[in-house]
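Next input, structure requested:
(chains A and B)
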Amino acid sequence: MSETPLDFEKGAHEALGSATLQQALGKFQTGYPLLRARAMQSLPDFEKVRTKAARIKDFSLKNLDKLTDQYREKVEANGGTVHICETAADARKTVVEICRQAEAKKITKSKSMVTEELALNDALEAAGMEVLETDLGEYIIQLAGERPSHIVGPALHKTKEEVAQLFKAHHKTRRKRETGEQLVREAREVLREKYFASEVGITGANFLIAETGTAVIVTNEGNADLCRILPNTHIVVTSMEKVIPTLDDLSVFLRLLARSASGQEMTSYTTLVSGPRGPGESEGPSSFHVVIVDGGRSKLLGTDQQALLRCIKCGACMNVCPVYMSVGGHTYGWVYPGPIGAVLNPVLNGFGTMYHNYQASTFCGACEEVCPVKIPLTKIMRDWRTRAFQERIPGLGARLALWLWAAIAANPFLYNLAAGAGIPILRALAGKKGVLKSLPLAKGWMKGRVLDAPEGGRFVRGRKR
Amino acid sequence: MAVNKGKSVALFATCLVDLWRPAVARAAERLLIKAGFKVAVPSGQTCCGQVNYNSGDQKGARKLARRHIMLLVPFDYVVVPSGSCADMIKNHYPALFGNDLDVQKTAQVLSGKTYELTEFLVRIARWKPSRAGGVKRKLVYHDSCSCQRSLRIYKEPRLLLEAQGKYDLQALTGEDRCCGFGGLFSVKYGEVSSHMAGKKTAAIAATEAEILTGADLGCLLNLSGKLKAEGSACEVRHIAEILAEEEA
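Residues are numbered from 1 along each chain as shown, chains lettered A, B, ... in the order given. Purely as a prediction, here's the structure:
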């Protein structure tokens, strides 16, 4: 095994023991389905629309080179520059270089998971620049020195009380009450000034439209617009699978995105950016760059698992995932948590390292049911398990146990023999009450749970003919 | 049940039922006989291979799949008292043999005649349990993920329970949420699994039900183990056993 799997159990143990995290997750787990259901009332043909969205994405992925070229040509015609970066390192270097050219000291940034994937803030800070996250959730976790635990709500793991504490420690403002509204206002006041002082604004993009050379950015706070308009340089950092053919196609995705992400029909802001400030325009950056990151995604093109690149990063899969809602996002150990992380992280960050991401699932299928682009998430998780098994990533003991089970179950004589020995032993261990409280090979099961012993006898075997 | 008369049904008990709760299979057999079928229990049946399949061991899964395809395909129908094992045979066996089209063809034939028990009783057998009177005890039905999402079974067990009229079926908050079993998941990620089971048992406790039932023994063992650890007196029984109560 070349990479040691990142620990999952330890993180899970801590997460399950954290009262504040469980409180935050519990609130969201009951709240989200109601919001989503309400938003879906105005999209009764969800099934049809998501099938269409999946088709558009499949078409886009099949024609990605052509569409990306088309996008680039349009942006360049509009006076912007497109940088296509194969690796995270290339992308970091490219962004740092653009910022240097812009003589940036201060950078304002709106939410972008791709920049998390690049660990871009670290690179910029190492180059002596100050980076400020302006999305409220991102701002909160930046103050806390943490990573996003959710791709849409990065501070989902934090309770209001924790945020109030954090703000108290960092802001010099005095506040009387600690209502959510008060906290939002406080953050807004602190952030507002900073936009004007920054030389570069970095945003992500939800879609890149090839036909028009447009980057589409959706937010609820309008912070991406301030990041984009006020500094002299705007950099869009995004990933290669965001390209879609036409503006018409965008309308299909916009019907799905906010409903799936936050249970809204639309987000408050949908921004379309196609280049720098044009001649005669009074606002906007004079310099406009788009950094498109591959980061390992192209390995999926043309494979059976390509469908995972349809993802529009709405987060619905994790919102309904019973594992995510138990352990939170940090337990996954890398940028993308939940079911989409379970399938994407291994591709971007290694099948060995990310081993538990695709193992820690019951295959309940709740994610697939809500996915707005119909990604077969459990199928791909199973594919990754198959791949891991072939690459011998699971330990020898686990592989041997599976081999042994198949060998025994394929041979009724052995099977009967094993059952004949095993059942009475388990029954004896269980005693009169018929309940097992410990079992050497099933220690995990016994965590807060017991196991009913077999009731004795067999059905298939002990039959009268 | 004249239409069913003489049709053959292979009862695939599943390894978990056969080894842990053979009474469930005996109850299922009784129901199928009552519904008018000629019930066979092909000897040599063991495990469908789901454990290997979901663990990434395709070779082991294929070995067990091939064996059960040959064993079960000769019958008119195959009935399984488990959603997840029925799902394995119905939806995953064909996928396992992309490189062996002959076996895949047979797997597809088998897929077309394989049913989960309650689905079979309602949709194919059109059978109803004998009506029972008396004081109704509160009961909750747990939908397994395989039943509700893969096989789209939801109404069927409820129709059967209603027709029997013996229990007072309670609504369960978060009924579409996984109980945390997930096969080996329950052992490999025991703490998470147990936590998920705890959310389910909390919802069950809120209904004040005296009995929990469902179509998948894995889920039921998980929830039974959690309920017992929590000191609950809630009885846990498979739907086949509940339905067979009045069928002498």
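
Quick check: closest non-adjacent residue to residue A:292.
residue A:84 (5.0 Å; C-beta to C-beta, 6 or more residues apart in numbering or on different chains). Using the backbone N, CA and C atoms, a C-beta is placed for each residue, glycine as well.

what does the helix or strand that that neighbour is a member of rub up against?
Assigned by DSSP states H and E, residue A:84 falls within strand A:81-85. Strand A:81-85 is contacted by residues A:68, A:71-72, A:75-76, A:91, A:94, A:240, A:288-294 when judged by C-beta atoms under 8 Å, 6 or more residues apart in numbering or on different chains.

Domain boundaries for the chain, per the record?
I'll assume chain A. Listed domain ranges for chain A are A:42-298, A:400-452 (source: automatic domain parsing).

I was thinking of chain B, sorry if that wasn't clear
B:2-124, B:137-244.

Reformat these as CSV; add mean neighbour count and mean pLDDT.
Below are the domains of chain B laid out as CSV (neighbours: other C-beta atoms under 10 Å in any protein chain shown; pLDDT from 0 to 100):
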stretch, mean neighbour count, mean pLDDT
domain B:2-124, 21, 96
domain B:137-244, 21, 98
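
With respect to residue A:435, which of the ones you listed lies nearest?
Closest of the domains of chain B to residue A:435 is domain B:137-244, at 6.1 Å (criterion: C-beta to C-beta).

Quick one: distance of that closest one to the chain centre.
For domain B:137-244, the separation from the chain centroid amounts to 12 Å (computed by C-alpha atoms, centre = their mean, to the nearest Å).

That domain and chain A, are they touching?
Yes: contact of domain B:137-244 with chain A (C-beta under 8 Å from any C-beta of the partner chain) involves B:145, B:149-150, B:176-178, B:180-183, B:185-199, B:221-222, B:224-226, B:228-229.

Okay, and which of the residues you listed map to helices?
Mapping the residues of domain B:137-244 next to chain A onto helices (DSSP state H) picks out B:145, B:185-188, B:190-199, B:221-222, B:224-226, B:228-229.

re earlier: could I have the CA atoms of the strand holding residue A:84 written out in CSV?
Extracted as CSV, the C-alpha positions of strand A:81-85 are listed here (Å, rounded to 0.1, in the frame of the first residue of the first chain):
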residue,chain,number,x,y,z
THR,A,81,-7.1,35.9,-19.9
VAL,A,82,-7.8,32.2,-19.4
HIS,A,83,-5.2,30.0,-17.7
ILE,A,84,-5.6,26.3,-17.9
CYS,A,85,-3.8,24.5,-15.1
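
chain center to that strand, what's the gap?
Worked out by C-alpha atoms, centre = their mean, strand A:81-85 lies 24 Å from the chain centre.

got it, and stretch B:105-114?
With C-alpha atoms, centre = their mean, you get 18 Å for stretch B:105-114.

Show residues contacting that stretch.
B:65, B:69-70, B:72-73, B:75-80, B:86, B:89-91, B:93-94, B:96-97.

Quick one: neighbours of residue A:343, just the number.
With neighbours defined by other C-beta atoms under 10 Å in any protein chain shown, the count for residue A:343 comes to 30.

and it, what does it touch?
Counting by C-beta under 8 Å, 6+ apart, residue A:343 touches A:305, A:308, A:357-358, A:375, A:377, A:380-381, A:384.

same deal with residue A:321?
For residue A:321, the contacting residues are A:338-339, A:366-367, by C-beta under 8 Å, 6+ apart.

And it, what's its pLDDT?
pLDDT recorded at residue A:321 is 98.

any idea how far the closest residue to residue B:137 other than its chain neighbours lies from residue B:197?
Distance criterion C-beta to C-beta, 6+ apart; nearest residue to residue B:137, sequence neighbours excluded, is residue B:210 at 4.9 Å. According to C-beta to C-beta, to the nearest Å, residue B:210 and residue B:197 sit 19 Å apart.

what residues does stretch B:160-168 touch?
Residues from elsewhere that reach stretch B:160-168, judged by C-beta under 8 Å, 6+ apart: B:118, B:121-122, B:128-134, B:136-139, B:141, B:169, B:211, B:239, B:242-243, B:245-246.

change it to 6 Å
B:118, B:128-129, B:131-132, B:136-139, B:169, B:243 (C-beta atoms under 6 Å, 6 or more residues apart in numbering or on different chains).

what's the neighbour count on the nearest residue to residue A:296 once chain neighbours are set aside?
Take residue A:296 and drop its neighbours on the chain: the residue closest to it by C-beta to C-beta, 6+ apart is residue A:348, 4.8 Å away. Burial of residue A:348 is recorded as 20 neighbouring residues (other C-beta under 10 Å).

Confirm for me that residue A:348 is in contact with residue A:298.
No: applying C-beta atoms under 6 Å, one finds residue A:348 not in contact with residue A:298, separated by 11.3 Å.

Show me the helices in chain B, by range?
For chain B, helices defined by DSSP H occupy the ranges B:15-20, B:22-34, B:50-54, B:58-72, B:83-87, B:93-96, B:101-112, B:117-119, B:145, B:155-164, B:185-188, B:190-207, B:217-229, B:239-244.
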